[in-house]
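K.L.:
when you get a sec, could you give me coordinates for this:
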Amino acid sequence: VLEKYVVEIFFSSETMLVHHWLKSLPEKVLLQSPLLCTVFANTCAHVGTFQHAALQQTERWLDAAEKGLAISDAVRTTDALTRGFIGLSRAYLSLWRRDPPQTTIEVARRALADLPPEEPSPSDRNFERLRSGLTNNLGISYTALGDEISALQAFIETQRIGEACGDWLNWYTAVANQSMILSHQGRLAEALAVCMNALTATSRRDGESEHLAPYAAVLYQMMGQIHLEWNELEKAEAALQKCLE
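P.N.:
So this is what the prediction gives:
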């Protein structure tokens with residue numbers, strides 16, 4: 001049951017929920033599933049706020065996933081997805097370790113090249129979630145290089161793919177990163193509008209703003225920073241409080 005649904009729930013931005021699910025399993029059971037090892041590797045990084053010890057744990061579980069794929073005689077239906085998720089995870093591990101941006105870009109591009117071609121109506125949306133995550137990774141790396149034009153293009157593409165496949169984890173992050181670039185350019189009104197429009201669209205989709213996915217927090221964080229720039233302290237406090245909630 002976990003193997004069937006865990007990737008979808010992870011990309012809905014419920015990283016903590018997924019982490020506690022997988023952590024509750026005995027380690028020997030978790031090690032029997034390369035896919036669950038890969039997802040757990042990612043949630044360990046999130047829980048540990050991408051610090052050194054957490055990233056060591058992430059690499060350990062990615063190594064276990066690769067080993068599980070290599071020693072298995074049977075071909076699982078999840079093997080192709082697991083390999084793609086490992087490629088995504090290696091790209092983000094490079095990002096979290098603060099490798100040179102060009103190194104991370106190369107890792108992400110290799111992982112993208114290994115995914116099945118994008119289809120208008122993909123039968124397995126999980127591959128498109130991986131594509132969305134890798135495209136977002138490229139956007140972050142381009143930002144680190146100072147190439148804001150390429151970064152914005154990547155973030156807009158992440159939004160497109162993420163909305164189509166239900167990858168809200170990277171969808172929210174891509175919107176927040178677009179807002180951040182606009183803010184750095186001094187285009188604060190546009191930066192705020194990007195966040196507010198995304199929250200409005202999400203509310204229409206979910207029916208109620210109270211049901212926003214956890215990663216909506218990054219939009220409220222950006223809105224709080226923008227209001228601080230304008231010295232609108234009450235609005236900043238309200239946005240940042242919503243972020244924390």
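K.L.:
helices and strands around the helix or strand of the chain with the lowest mean pLDDT, which ones?
P.N.:
Least confident helix or strand, the chain: helix 188-206 with a mean of 86, by mean pLDDT, DSSP states H and E. Contacts defined by 3 or more C-beta pairs under 8 Å, 6 or more residues apart in numbering; DSSP states H and E place helix 188-206 against helix 168-184, helix 217-229. For every residue, glycine as well, the C-beta is placed using N, CA and C.
K.L.:
may I see the ones you listed organised as JSON lines, with distance to Val6, mean pLDDT and mean neighbour count added?
P.N.:
Listed next are the helices and strands packed on helix 188-206 as JSON lines, based on distance: least, C-beta to C-beta, whole Å; pLDDT from 0 to 100; neighbours: other C-beta atoms under 10 Å:
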{"stretch": "helix 168-184", "distance to Val6": "13", "mean pLDDT": "96", "mean neighbour count": "24"}
{"stretch": "helix 217-229", "distance to Val6": "22", "mean pLDDT": "97", "mean neighbour count": "20"}
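K.L.:
distance to Gly146 added to those, as JSON lines?
P.N.:
Supplementary listing: the helices and strands packed on helix 188-206 in JSON lines, determined by distance: least, C-beta to C-beta, whole Å:
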{"stretch": "helix 168-184", "distance to Gly146": "10"}
{"stretch": "helix 217-229", "distance to Gly146": "20"}
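K.L.:
out of those, which gets nearest to Ile9?
P.N.:
Among the helices and strands packed on helix 188-206, the nearest to Ile9 by C-beta to C-beta is helix 168-184 (10.2 Å).
K.L.:
still on that earlier bit, centre of the chain to the least confident helix or strand of the chain, how far?
P.N.:
19 Å (C-alpha atoms, centre = their mean, to the nearest Å).
K.L.:
next, the buried residues of it.
P.N.:
The neighbour-count check on helix 188-206 (16 or more other C-beta atoms under 10 Å) flags Leu188, Ala191, Leu192, Val194, Cys195, Ala198, Leu199, Thr202 as buried.
K.L.:
surely the second one and Met180 touch.
P.N.:
Yes - under the criterion of C-beta atoms under 8 Å, Ala191 is in contact with Met180, at a separation of 7.4 Å.
K.L.:
what about the helices in the protein?
P.N.:
With DSSP state H as the criterion, the chain has helices at 2-11, 15-23, 27-30, 34-47, 52-71, 79-96, 101-113, 125-145, 148-165, 168-184, 188-206, 217-229, 233-244.
K.L.:
and the second one, what does it pack against?
P.N.:
For helix 15-23, the helices and strands in contact under the criterion 3+ C-beta pairs under 8 Å, 6+ apart are helix 2-11, helix 34-47.
K.L.:
circling back: mind checking the helices of the chain for the one nearest to Glu119?
P.N.:
helix 125-145 (8.4 Å).
K.L.:
for the closest one, packing partners?
P.N.:
In this structure, helix 125-145 packs against helix 2-11, helix 79-96, helix 101-113, helix 148-165, helix 168-184, with contacts taken as 3+ C-beta pairs under 8 Å, 6+ apart.
K.L.:
the third one relative to helix 148-165, how many degrees between them?
P.N.:
Relative orientation of helix 101-113 with respect to helix 148-165: 30 degrees, computed using axes from the mean of the first three to the mean of the last three C-alpha atoms, to 10 degrees.
K.L.:
tell me how far helix 101-113 is from the chain's mean position?
P.N.:
Offset of helix 101-113 from its chain centre (C-alpha atoms, centre = their mean): 16 Å.
K.L.:
now it - C-alpha only, CSV.
P.N.:
The C-alpha coordinates for helix 101-113 follow below in CSV (Å, rounded to 0.1, in the frame of the first residue of the first chain):
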residue,chain,number,x,y,z
PRO,A,101,25.9,24.8,-9.4
GLN,A,102,27.3,23.5,-12.7
THR,A,103,27.9,20.1,-11.0
THR,A,104,24.3,20.0,-9.8
ILE,A,105,23.0,21.0,-13.2
GLU,A,106,24.9,18.2,-14.8
VAL,A,107,23.5,15.6,-12.3
ALA,A,108,20.0,16.9,-12.8
ARG,A,109,20.3,16.9,-16.6
ARG,A,110,21.5,13.2,-16.6
ALA,A,111,18.5,12.3,-14.4
LEU,A,112,16.1,14.1,-16.7
ALA,A,113,17.5,12.3,-19.7
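K.L.:
many thanks, have a good one.
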